[in-house]
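>>> Sharing a model prediction with you, sequence too.
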Amino acid sequence: MKNYTDLLNDVPLFRNIAPADIETMLVCLEPYVKFYKKGNYITHSGDSIDSVGVVLRGTVQMLKEDVWGNTDIMALILEKNIFGETFVISGSGSSNVSFRAAADCEILFLSFNKLLHSCTKACQFHHQLIDNMVLLIAQKNMQLMEKLEIISHKTLREKILAYLSQQAQHHNDKNFTVPMGRLELADYLGADRSALSRELSRMKADGLIDYNKSTFRLYKTME
């Protein structure tokens, strides 16, 4: 685990914790690292979850699947972010969503029980870790609220504009690159890929947006 210390310095979960303290902490958190190829599942809905995943490399999709096999991308977990924390903290012991590698991934797993409860030494840096965890859970809830805002719109155009508006706000720029390809974006918006491509072309022709692959520019809002 010592080889990962420099990388973990940039992970929000370990914000304001000194590198030496991170090394000490990892001894208690029962860490292990696993690799996943793009498209492979990390966990399936219904699986028992007792660890929090930290995305060291790659991107992870949080998926909701129905009984017919249809999938809906609920959220994307980017590098340096965590996943699985909501389900282990709920006490249910299992997840009602799946996590899948959207790209080749390297994931660090940490024992949630050891993560949430400080050891008998009650180290100050462990309290900082718990504070960081609470903040990250709050940010994840905000992500899901953003998704709810998007899908609450009636038309596909309105959903696309709501999503692009959020991305522009996150980048603080009307020129930005989204973290999803067309198929992933279609799943995220609950749309057919062909319908999404057609609507994007119409929006470009109407002067609302411009784009090249995953890079977009917003010109004006829809009247």
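The structure has been received and is ready for your questions.
>>> rest of the way, CA atoms for contacts and neighbours
OK.
>>> Hmm, N81 and V55 touching each other?
Yes. Between V55 and N81 there is a contact under Cα atoms under 8 Å: 5.7 Å.
>>> and those two? which has more neighbours close in?
Counted by other Cα atoms under 10 Å, V55 and N81 do not tie: V55 has more neighbours, with 22 against 19.
>>> Could you list every helix and strand in contact with whichever helix or strand that one is part of?
Following DSSP states H and E, one finds V55 within strand 51-57. Strand 51-57 sits against strand 82-83, helix 85-89, strand 105-111, helix 112-116, with contacts defined as 3 or more Cα pairs under 8 Å, 6 or more residues apart in numbering; DSSP states H and E.
>>> ok, Y211 touching Y219?
No. Assessed by Cα under 8 Å, Y211 is found out of contact with Y219, at 10.9 Å.
>>> how about the strands in the chain?
32-36, 41-43, 51-57, 60-65, 71-77, 82-83, 98-101, 105-111, 175-177, 209-212, 215-218 (DSSP state E).
>>> D192: which of the ones you listed is closest?
strand 71-77 (11.6 Å; Cα to Cα).
>>> quick one: P179 and S214 touch, right?
Yes. With contact defined as Cα under 8 Å, P179 reaches S214; the gap is 7.5 Å.
>>> Grab the nearest non-local neighbour of the spatially most central residue of the chain.
Computing the C-alpha centroid of the chain and ranking residues by Cα atoms, centre = their mean puts I77 first, at 1.9 Å. Nearest residue to I77, sequence neighbours excluded (Cα to Cα, 6 or more residues apart in numbering): V60, at 5.0 Å.
>>> can you count the residues close to the one you found?
Counted with other Cα under 10 Å, V60 comes out at 28.
>>> I'd like to know how far it sits from H153.
According to Cα to Cα, to the nearest Å, V60 and H153 sit 26 Å apart.
>>> Next, format the strands of the chain as CSV and append distance to A191 and mean pLDDT.
Formatted as CSV, those follow (distance: least, Cα to Cα, whole Å; pLDDT from 0 to 100):
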stretch, distance to A191, mean pLDDT
strand 32-36, 27, 95
strand 41-43, 22, 95
strand 51-57, 27, 93
strand 60-65, 15, 92
strand 71-77, 10, 89
strand 82-83, 25, 92
strand 98-101, 20, 96
strand 105-111, 26, 94
strand 175-177, 20, 96
strand 209-212, 19, 96
strand 215-218, 19, 96
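>>> So which of those is nearest R202?
strand 209-212 (9.4 Å).
>>> what lines up beside the closest one in the sheet?
strand 215-218 (antiparallel) (DSSP bridges).
>>> returning to what we had before: what separates the strand holding V55 from the chain centre, distance-wise?
Taking Cα atoms, centre = their mean, to the nearest Å, one finds strand 51-57 lying 11 Å from the centre of the chain it belongs to.
>>> next one: stretch 139-155
14 Å.
>>> Show me what counts as buried in it.
Across stretch 139-155, burial judged by 16 or more other Cα atoms under 10 Å covers 140, 146-147, 150-151.
>>> give the contact list for the closest residue to L218 other than its chain neighbours.
Distance criterion Cα to Cα, 6+ apart; nearest residue to L218, sequence neighbours excluded, is I209 at 4.7 Å. I209 makes contact with 203, 216-220, according to Cα atoms under 8 Å, 6 or more residues apart in numbering.
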